[in-house]
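> need the 3D shape of this:
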Amino acid sequence: MKVLICIALLVCGVTAFRTQSTGVKGRLLCGTKPAVGVNLKLFDEDNGPDPDDVLDQKTTDSDGNFLLTGSSMELTPIDPELRIFHDCNDQADPCQREWVIRIPAKYITNGPEVKEIMDLGVLNLEVELENESRSCAH
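Numbers count the residues shown, from 1 in each chain. Next up, the predicted model:
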């Protein structure tokens, strides 16, 4: 009987987790030129002891364009964010500038396939964000 109860609890726990997906696209500039080869990571930001999950990572193409999509199996809603690591307008400071852009919940899809991708449009990386940080290891 105890074995059956344990199996039932295990099955219920596993089915409570659900796959959720998200995506983001856009174009990055550094001034008037495409920001080529900029490192981008799409994360599910997790609080507590669970480390952040990398959903996708890429670099911008020769025109500064990017598209990242990914999914994660979680019990609670995912907290997606795009992290952009760049050297635009950097003045040779150590490490890279890091921008963090949160993806709104309306761009989270239940299931492994993204239904609506957030379009950031064109962003100029020369801008200095008030809450940006620096990252040496990414």
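> my read is that residue 78 contacts residue 110, right?
No - with contact defined as C-beta atoms under 8 Å, residue 78 and residue 110 do not form a contacting pair (10.4 Å). C-beta: built from backbone N, CA, C; applies to glycine.
> overlap of the contact sets of these two?
Common neighbours of residue 78 and residue 110 are listed as residue 20 (criterion: C-beta atoms under 8 Å, 6 or more residues apart in numbering).
> show me which of these two is the more surrounded one.
Per other C-beta atoms under 10 Å, whichever of residue 78 and residue 110 has more neighbours is residue 78, with 24 against 12.
> what about the residue most central in space within the chain, distance to residue 34?
Nearest to the mean C-alpha position of the chain, by C-alpha atoms, centre = their mean, lies residue 42 at 2.0 Å. From residue 42 across to residue 34, the span is 20 Å (C-beta to C-beta, to the nearest Å).
> on contacts alone, who are the packing partners of the lengthiest strand in the chain?
Ranked by number of residues, the top strand in the chain under DSSP state E is strand 18-30. Identification of packing neighbours for strand 18-30 by 3 or more C-beta pairs under 8 Å, 6 or more residues apart in numbering; DSSP states H and E yields strand 39-44, strand 65-74, strand 80-86, strand 109-110, strand 118-124.
> angle of it against strand 39-44?
Strand 18-30 and strand 39-44 meet at an angle of 150 degrees, taking axes from the mean of the first three to the mean of the last three C-alpha atoms, to 10 degrees as the criterion.
> using CSV, list the CA coordinates for strand 18-30.
Provided in CSV are the C-alpha atoms of strand 18-30 (Å, rounded to 0.1, in the frame of the first residue of the first chain):
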residue,chain,number,x,y,z
ARG,A,18,4.7,21.7,-17.4
THR,A,19,6.8,22.7,-20.4
GLN,A,20,6.7,26.4,-21.1
SER,A,21,8.4,28.3,-24.0
THR,A,22,9.2,31.8,-25.0
GLY,A,23,11.1,33.7,-27.6
VAL,A,24,12.5,37.2,-28.4
LYS,A,25,13.9,38.8,-31.6
GLY,A,26,15.2,42.2,-32.6
ARG,A,27,18.1,44.1,-34.1
LEU,A,28,21.1,45.6,-32.3
LEU,A,29,23.0,48.7,-33.4
CYS,A,30,26.1,50.3,-32.0
